[in-house]
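> Dropping a prediction and its sequence here:
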Amino acid sequence: MGHPILRQPASAVPDPTDSAIRALVEDMIETMVDANGAGLAAPQVHESLAVVIFQAPPERAPTAALEGDEAFDHTAPLTVLINPVIEILSPAISYGWEGCLSVPGLRGLVPRPDHLRYSGFDLNGHPISRIARGFHARVVQHECDHLNGILYPQRMDDLSMLIFTSEMRHGLPQMAATSNG
Ligand code: NI
């Protein structure tokens with residue numbers, strides 16, 4: 001947090017099939033796995049390019065049984081998304097705890113739209129277009145925010161909900177009643 005690359009808009013990738021992009025993505029996957037993260041954006045490894053990776057495993061989906069498309073929307077395999085575009089599909093906001101490799105040692109409770117469509121390209125230059133809900137929608141927004149120079153604390157509306165990971169042993173704080181306006 002504070003590095004100039006994390007504050008600036010990332011550049012579009014002219015050719016998603018470029019071997020340099022594939023090498024960048026391999027480095028990003030290694031970094032994400034090492035950090036046990038759910039996603040990573042290229043500016044976090046000091047490349048100001050519009051490339052993100054993320055996954056939304058079934059464990060992060062709601063425990064209530066979901067069926068058909070709705071269950072599908074909540075999960076994503078490890079995805080490489082180049083030149084992403086997000087379209088918010090519903091004004092509904094949900095709160096969830098987030099962490100970030102670029103903001104080490106902290107967790108914050110972040111409000112975000114809960115239902116969106118994202119599109120972009122994979123490493124073969126093929127278009128990707130998916131509907132996302134819940135954690136899946138959250139991780140995509142978190143990573144794409146990095147491409148616009150935004151870190152999750154900037155999305156928070158209550159900084160008393162920014163805590164040290166080391167204090168999570170006390171339990172996560174509860175939000176005061178929020179007004180819906
Ligand atoms: Ni992050």
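The structure has been received and is ready for your questions. Numbering: from 1, shown residues only.

> drop to CA atoms for contacts and neighbour counts, all remaining ones
Will do.

> got the buried residues for the helix or strand bottoming out on mean pLDDT in the chain?
Every helix and strand of the chain was ranked by mean pLDDT, DSSP states H and E. The lowest is helix 68-73, at a mean of 76. Neighbour counts using 16 or more other Cα atoms under 10 Å place 71, 72, 73 of helix 68-73 among the buried residues.

> do the same with stretch 18-26
21, 22, 25.

> would you list the buried residues of helix 68-73 in CSV and tack on distance to residue 124?
Converted to CSV, the buried residues of helix 68-73 look like this (distance: Cα to Cα, whole Å):
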residue, distance to residue 124
71, 27
72, 23
73, 23
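
> Closest to residue 14 out of those residues?
Within the buried residues of helix 68-73, the smallest distance to residue 14 is 28.8 Å, found for residue 73 (Cα to Cα).

> list the contacts for the nearest residue to that closest one once chain neighbours are set aside?
Leaving out its chain neighbours, the residue that sits closest to residue 73 by Cα to Cα, 6 or more residues apart in numbering is residue 132, at 4.7 Å. Residue 132 is in contact with 73, 74, 75, 114, 115, 116, 117, 118, counting by Cα atoms under 8 Å, 6 or more residues apart in numbering.

> Give me the phi and psi for the last one.
Spelled out, it's residue 118. Main-chain dihedrals, residue 118, degrees, to the nearest 10: phi -120, psi 150.

> Longest strand in the chain, by number of residues?
strand 76-88 (DSSP state E).
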